[in-house]
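S.K.: kindly generate the corresponding structure for this input.
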Amino acid sequence: MSKILEFDNYRRFGVEIEINAFDGLNRPIGYLDGELPAGIHYVANLVQKTTGSKVIVHKWGNDHHNDSWIVKPDASCGMEVCSSVMKGWLGIKEICKTIDALNDEPKITADNRCSFHVHVDVSDLSERQLATILTWWIKCEAVFMDSVPTSRKKNQYCQFIGLTDMLNVQHGLMSSSTLIEKLGKCKYYSINTYHY
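M.R.: Here you go, the predicted structure:
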């Protein structure tokens, strides 16, 4: 009997799109007093116009389970655009549409300080299932990393797991929980379980 492959997926995910502040500063001079990066309201208006969704601008802080888009400061590059919780192809389409709109706006730039992060809800997976996904990522990591510019490969914020000694084990075997724990110690690996 042949297996039927199904590609419908409604796993929840969200993204962070880092972009430069309009003045090029990582942090505005009054950052500690709550001053927002130059251009942040312009970006928020563009995202709202593009998506038709609610967009909130606020000072930096950790956000979880977003029910709207959020634009906030990011001390590494200027600001970040955080999606609401997304699902399926419609979610991917909205993310792509937003990235295209940001890319088409000449005032908006992204240099080597900027990045793109994807957060995926894995709360329904067993440790073994999660470890299987992590193992496949590590096996294919070089291929994925070849699809990004050199600046994304050679930096401290997106480290190659395969180039670390973390996976050196005597017999090539590691328990699921050990792998998840090791990948959770640093949030700067190409994939990590830091928030798991």
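S.K.: what about Thr50, how many residues nearby?
M.R.: Thr50 has 19 neighbouring residues, counting by other CB atoms under 10 Å. In this view, the C-beta of every residue, glycine as well, is placed from N, C-alpha and C.
S.K.: was I right to think Arg11 contacts Ser123?
M.R.: No - contact criterion CB atoms under 8 Å: Arg11 and Ser123 do not qualify, at 10.0 Å.
S.K.: when these two are compared, which one has more neighbours?
M.R.: Counted by other CB under 10 Å, Arg11 and Ser123 do not tie: Arg11 has more neighbours, with 13 against 8.
S.K.: distance of that one from Val122?
M.R.: Separation of Arg11 from Val122 (CB to CB, to the nearest Å): 8 Å.
S.K.: for the one helix or strand Ser151 maps to, give the mean pLDDT please.
M.R.: In the assignment (DSSP states H and E), Ser151 maps to helix 150-153. Mean pLDDT, helix 150-153: 74.
S.K.: ditto for stretch 76-86
M.R.: For stretch 76-86, the per-residue pLDDT averages 94.
S.K.: what about the residue most central in space within the chain, which SS state?
M.R.: Centroid check for the chain by CA atoms, centre = their mean gives His117 as the closest residue, at 1.1 Å. Three-state call for His117 (DSSP: H, G, I helix; E, B strand; the rest coil): strand.
S.K.: who are the packing partners of the helix or strand of the chain with the lowest mean pLDDT?
M.R.: Ranked by mean pLDDT, DSSP states H and E, the weakest helix or strand in the chain is helix 150-153, scoring a mean of 74. The helices and strands touching helix 150-153, judged by 3 or more CB pairs under 8 Å, 6 or more residues apart in numbering; DSSP states H and E, number zero.
S.K.: list the buried residues of that helix.
M.R.: The neighbour-count check on helix 150-153 (16 or more other CB atoms under 10 Å) flags Arg152 as buried.
S.K.: can you name the next helix or strand after it?
M.R.: Per DSSP H and E, the first helix or strand lying C-terminal to helix 150-153 is helix 176-183.
S.K.: sheet partners, orientation included, of the longest strand anywhere in the chain?
M.R.: With DSSP state E applied, the strand covering the greatest number of residues in the chain is identified as strand 12-20. Sheet pairing for strand 12-20, assigned by DSSP bridges, gives strand 78-82 (antiparallel), strand 86-87 (antiparallel), strand 116-120 (antiparallel).
S.K.: residues in contact with that strand?
M.R.: 43, 66, 74, 76-87, 91, 95, 98-99, 102, 108-111, 113-121 (CB atoms under 8 Å, 6 or more residues apart in numbering).
S.K.: let's see it at 7 Å
M.R.: Residues outside strand 12-20 that contact it (CB atoms under 7 Å, 6 or more residues apart in numbering): 43, 66, 74, 76-83, 85-87, 91, 95, 99, 102, 108-111, 114-121.
S.K.: what's the answer for stretch 175-187, then?
M.R.: Residues outside stretch 175-187 that contact it (CB under 7 Å, 6+ apart): Glu127, Arg128, Leu130, Ala131, Leu134, Met166, Tyr189, Ile191, Asn192, Thr193, Tyr194, Tyr196.
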